[in-house]
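Engineer: how does the following fold in three dimensions:
(2 chains)
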Amino acid sequence: MRSLTAFRMVLHDRSSTAGALLGVVAIVFLVGQQLSVLFGLLNYMSVLVDHSGADAWIMSANLRNADAGNLVSARYMDRVMGLHEVEWVEPVLIGNGLFRTRDGSFESVRVVGTRRPRAAGGPWQFAQADEQVLLDLEAVTVDRLDLAKLGHPVLDQVTEIGGRRVRVGAVTEAVRAFQGTLVFASLDKVKEIARTPPGRYSAILVRFRADADHPTALARLRVLLPECSVFSSQELSRLTRYYYVVNTGIGGSFGFSTVIAVLIGVVIISLTMYTSVLSRSRDFAVMRAIGGRRRDIAVVVISEALIIAGVGLFVGFLLLTTLLNATGGSSIPSYFPAQIAPILAGGTLLVSLLGSLIALRVALRAEPASVFH
Amino acid sequence: MSTLRLVKIARDFSDGRQMRRVLFPTDLEFAAGGLTVLSGPSGSGKTTLLSIMGLVLRPSEGRLFLDALDVTGLADEEAASVRLRRYGFVFQQPMLIEGLSVMENIVLAYGVQGGRVRHDIRLKAEGLLRTLGLDGTAHMQPRLLSGGMKQRASIARALIKDPSILLCDEPTSALDAESGQAVMGILKRIALEEGRVVVVVSHDARVFPYADRLLKIENGAIVSETRESYTEGKKSK
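Structural biologist: Have a look, this model is predicted:
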């Protein structure tokens, strides 16, 4: 009956309910949207590592992130292949170059070279053609989301990167990086573009055998290559994300805007629920007079907050899902991990309850004696 | 049969600077089976006395007994539970909760502490509505009722738990003469036929003919008590 009373009050006080709902929806939508952009950017930060298909990355010593390594010697590959835990070893070479667009202007791109035929560390999803094009020495990929920036290149269009002739062989689908426009090519082509010394690579990727114990294999690699940094892909991904979050101010910026969104929501919820309960003071006094205890009044107010939070969560997540679907194929980075949804829901529920505390205080102050005046 | 006994009950209020006595030590006893009208001018202390009797206001002095139980110093939660079990209230304004239907308002006492309202309770509420001339209003919103109907609905709410004590604060002041007479007639019948303690606070002389006992209070003290019965407005000893 107390929950029913709360439900009826929520239905009856439409303007207050709408206001409090707005607060809850604002929290879910704004925080959810902020988080989706943050996670989208986090994905971009470690995109090459996360999609490499490798279990371990060997890079230069004292590495702080996957993009800031010095070149490592190709001779390490033979030493690594000697370990029985290793299934394959592949080099990756990353450099920068200027992409010549159709109108003759230039756009800075990050070229990633992979060795044929495995193309480990290469592109993983395509809008047009596929990774087979990288078997061609001159072929490069461009991303669908970068087409406008690169002057709308079409398949088989010949152009230049870093003054070297390349041919657009495939269009990747949402393969983007935090550090810049990604263009994939063969290892030899990137050597030409980046003009790197022979026999040196940005990283060496390692895949362990299926039956290998990964921690043991990683430990053996570290012993084998003390002059290098050896990371599991997960470790390097985490390290890279942490580096950018801390050093670019992204963490602080997103944290701040998230706190602001939560504060706005809490203020809206607090004010509207306070107003609603204040106008209901007489009703709560009546309930107290006819035998309601303070805790019964608390149950009614908290039930009101929970009902509003529940509906607000539904509407907020509906709007958020619509937004994520709309921005999914766009250039706006957005990714919302499924496991974040219950955390956001729980947090919003908690914040909604916090927002109802002032209202609860007012409701609990309703004196039964006041009904006799 | 319940009795409510006040022993040297007094009440002080602070106006922020000094304490002011609004109810002087009062001894009273209310037994079941009669309608008592407590009358007096505004500010005379009658509502204060009613609030103390209804366990919604603590006296500054004296003891209050419900049957043999001393209920003067009950904790807040205990007092609420005693009110729920033993008391019914009719207020000056009907004070039905907007948003709840008439039926939900009436059965609220059964659910206010979290209990489930059973079907037989709803049937009982419907019976009360019929008795009070409110047939067909169970699922209506209170705002759709007239003032008199609302007050009768509030009487149904007060009676739903068969309280042994019914306290009414100016129940006719917001009603027209006809509705006021109907409400007083109902209260009189409840007092006599159902054997409850019914106390009505009013300064409206039109309710006096319904009183079995008329208490007059002035400046915080009972100044007169008349035990008479009235029939159709004519006084008879």
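
Engineer: check contacts around B:Ser164.
Structural biologist: Remark: with contacts taken as Cβ atoms under 8 Å, 6 or more residues apart in numbering or on different chains, B:Ser164 is in contact with B:2, B:32, B:86, B:196-197. To be clear about C-beta, it is placed using only N, CA and C from the backbone, and glycine gets the same treatment.

Engineer: and the furthest pair within these?
Structural biologist: B:Ala32 and B:Arg86 (11.8 Å; Cβ to Cβ).

Engineer: shared neighbours of the two, anything?
Structural biologist: B:2, B:164.

Engineer: the two: which is more packed in?
Structural biologist: B:Arg86 (21 against 16; other Cβ atoms under 10 Å in any protein chain shown).

Engineer: off-centre distance for stretch B:190-201?
Structural biologist: Taking Cα atoms, centre = their mean, to the nearest Å, one finds the center of stretch B:190-201 at 9 Å from the center of the full chain.

Engineer: mind listing residues that contact that stretch?
Structural biologist: Outside of stretch B:190-201, the residues within contact range by Cβ under 8 Å, 6+ apart are B:1-4, B:30-39, B:46-47, B:49-50, B:53, B:159, B:163-171, B:184, B:187-188, B:207, B:210-212.

Engineer: would you list the buried entries among those residues?
Structural biologist: The neighbour-count test (16 or more other Cβ atoms under 10 Å in any protein chain shown) marks B:2, B:4, B:30, B:32, B:34-39, B:46-47, B:49-50, B:53, B:159, B:163-171, B:184, B:187-188, B:207, B:210-212 as buried among those.

Engineer: which of those residues fall in helices?
Structural biologist: Here DSSP state H is the test, and the buried ones among the contacts of stretch B:190-201 give B:46-47, B:49-50, B:53, B:159, B:184, B:187-188 as lying in helices.

Engineer: which of the residues you listed lies closest to chain A?
Structural biologist: Top of the list for closeness to chain A, among these and by Cβ to the nearest Cβ, is B:Thr47 at 5.0 Å.

Engineer: show me the contacts for the residue in the stretch 101-250 of chain A positioned nearest to chain B.
Structural biologist: With distances taken as Cβ to the nearest Cβ, the stretch 101-250 of chain A approaches chain B most closely at A:Ile250, which sits 46.9 Å away. The neighbourhood of A:Ile250, defined by Cβ under 8 Å, 6+ apart, consists of A:38, A:41, A:244.

Engineer: repeat that for 7 Å
Structural biologist: For A:Ile250, the contacting residues are A:41, A:244, taking Cβ atoms under 7 Å, 6 or more residues apart in numbering or on different chains as the criterion.

Engineer: show the model's pLDDT score for it.
Structural biologist: Note on A:Ile250: pLDDT of 86.

Engineer: which among the ones in helices among the buried ones among the contacts of stretch B:190-201 are in contact with chain A?
Structural biologist: By Cβ under 7 Å from any Cβ of the partner chain, the members of these lying near chain A are B:47, B:50.

Engineer: let's have the ones in helices among the buried ones among the contacts of stretch B:190-201 in CSV, adding pLDDT.
Structural biologist: As requested, these are arranged in CSV below (pLDDT from 0 to 100):
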residue, pLDDT
B:Lys46, 89
B:Thr47, 89
B:Leu49, 93
B:Leu50, 92
B:Met53, 93
B:Leu159, 86
B:Met184, 89
B:Leu187, 88
B:Lys188, 90
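
Engineer: please flag which of the buried ones among the contacts of stretch B:190-201 sit within strands.
Structural biologist: B:4, B:30, B:34-39, B:165-169 (DSSP state E).

Engineer: closest to A:Arg200 out of those?
Structural biologist: Of those, the one sitting nearest to A:Arg200 (Cβ to Cβ) turns out to be B:Asp169, at 94.2 Å.

Engineer: verify the contact between that closest one and B:Thr48 for me.
Structural biologist: No: shown here, B:Asp169 and B:Thr48 do not form a contact pair, counting by Cβ atoms under 7 Å, at 11.0 Å.

Engineer: would you mind measuring from the residue of chain B found nearest chain A to A:Phe372?
Structural biologist: Nearest residue of chain B to chain A (Cβ to the nearest Cβ) works out as B:Gly111 at 2.0 Å. With the distance defined as Cβ to Cβ, to the nearest Å, B:Gly111 ends up 23 Å from A:Phe372.

Engineer: who's more crowded, those two?
Structural biologist: A:Phe372 (23 against 19).

Engineer: the spatially most central residue of chain B pairs with what?
Structural biologist: Taking Cα atoms, centre = their mean, the centroid of chain B lies closest to B:Leu167, which sits 1.5 Å from it. According to DSSP bridges, the residues that bridge with B:Leu167 are B:Phe89, B:Val199.

Engineer: that one: what's it in contact with?
Structural biologist: Here B:Leu167 is in contact with B:50, B:53-54, B:87, B:89, B:199 (criterion: Cβ under 7 Å, 6+ apart).

Engineer: now do it, the pLDDT please.
Structural biologist: Predicted confidence (pLDDT) at B:Leu167: the value is 93.

Engineer: and the residue in the stretch 251-373 of chain A that chain B sits nearest to, how close does it get to B:Arg5?
Structural biologist: Nearest residue of the stretch 251-373 of chain A to chain B: A:Gly291, at 2.5 Å (Cβ to the nearest Cβ). From A:Gly291 across to B:Arg5, the span is 22 Å (Cβ to Cβ).

Engineer: B:Thr137 now?
Structural biologist: Going from B:Thr137 to B:Arg5 by Cβ to Cβ gives 38 Å.

Engineer: who has more neighbours, the two?
Structural biologist: B:Thr137 (21 against 17).
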